[in-house]
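1. Below are the sequence and a predicted model for it; my questions follow.
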Amino acid sequence: MSEPPKVPFLLPECMPCDTTIRLGIELAKIAVFQYSNQETSVTIGESVRDEDVFILQTGCGEINDNLMELLIMINACKTASARRITAVMPNFPYARQDKKDKSRAPITAKLMANMLQTAGCNHVITMDLHASQIQGFFNVPVDNLYAEPSVLKYIRENVDYANAVIVSPDAGGAKRAAALADRLDLNFALIHKERQRANEVSRMVLVGDVAGKVGILVDDMADTCGTLVKAAETLTTHGAVSVIAIVTHGILSGKACERIMASKLTKVICTNTVPHEDKKIICPKLDTIDISPTLAESIRRLHNGESVSYLFTHVPL
């Protein structure tokens, strides 16, 4: 097997998974600190000249500070003559601002793409983009990996899904949920939600039959969890035996954990694209799907010039 990439970076404040351990390599030495006026400073502690550099960072915590750290690190590696710089961003920040849906609204996801490229990024690896068209905002290659193979593996190993139905909590996620239902040979249901304002759902209408079945809610991200909680209540009202939720990006901001604990949800399963170990302490209903094998294998394949498409449908061993 070819040699693994020599110089990956990982920002310790936002460690997404044990990807580097699976690759059998150590983190590069870096120093990230803030001046008293909140300016971010980055120092690379070893040579990156003509190296293949991977910088791991995800959109969580102090998202704007972490984003600036990422951009400064990319630029530091570029000016230090790195051969190629790949930003590994399991949860792509600002992905929900991907279109001009009202007057004077910014398309911030496009701004993100411009900033990354201006900083010197040559390649991007991410997972389950909120809108896959965001790949088109970039003029550099973007590998959008999917959590679906890992989710399928989790369901088959941990959920009694013989009497289950896959449910999408909104119309936007219908394609994702339908694909999962086809792979598991299950029925599919859809919830139509109406919003009065951002992060606040006013009414939900169920399309499909969940009576006497286990409802498996599938979504790409859980932020304030208002949608999941209302969806679980809707499914229970329509006769669902129990409701679990499986989401790729468990952002869980604000009072999300309290809402989950007080809801009809039996369990909420998130991948670790966003670290949430601290939240599991206060919310026992949370469970984790580890996607570090997929990220590690994508890094290895990219470094060695191999195809990444295998990971779209398979979980690496």
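-> All right, it came through fine.

2. The lowest-mean-pLDDT helix or strand in the chain: what's the following helix or strand?
-> With mean pLDDT, DSSP states H and E as the measure, the helix or strand of the chain carrying the lowest mean pLDDT is strand 7-10 (a mean of 45). On the C-terminal side of strand 7-10, the closest following helix or strand by DSSP states H and E is helix 19-23.

3. Please name every helix or strand in contact with that next one.
-> Using 3 or more C-beta pairs under 8 Å, 6 or more residues apart in numbering; DSSP states H and E as the contact criterion, the elements in contact with helix 19-23 are strand 7-10, helix 292-304. C-beta here means a position set from N, CA and C on the backbone, and glycine is covered the same way.

4. could you pull out the helices for the stretch 51-200 of the chain?
-> Applying DSSP state H, counting those that start in this stretch to the stretch 51-200 of the chain gives helices spanning 63-79, 108-119, 148-158, 174-184.

5. can I get those in CSV with mean neighbour count and mean pLDDT?
-> Conversion of the helices of the stretch 51-200 of the chain to CSV gives the following (neighbours: other C-beta atoms under 10 Å; pLDDT from 0 to 100):
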stretch, mean neighbour count, mean pLDDT
helix 63-79, 19, 94
helix 108-119, 17, 97
helix 148-158, 17, 95
helix 174-184, 17, 93
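
6. The helices and strands packed on helix 19-23: which one's closest to V210?
-> Of all those, it is helix 292-304 that lies closest to V210, at 30.4 Å by C-beta to C-beta.

7. what's the angle between the closest one and helix 148-158?
-> For the pair helix 292-304 and helix 148-158, the angle between their directions (axes from the mean of the first three to the mean of the last three C-alpha atoms, to 10 degrees) equals 150 degrees.

8. Please identify the buried residues of helix 292-304?
-> Neighbour counts over helix 292-304 (16 or more other C-beta atoms under 10 Å) mark S292, P293, T294, L295, A296, E297, S298, I299, R300, R301, L302, H303 as buried.

9. Please name every helix or strand in contact with that helix.
-> Where contact means 3+ C-beta pairs under 8 Å, 6+ apart, helix 292-304 is packed against helix 19-23, strand 52-56, strand 84-89, strand 123-127, strand 142-145.
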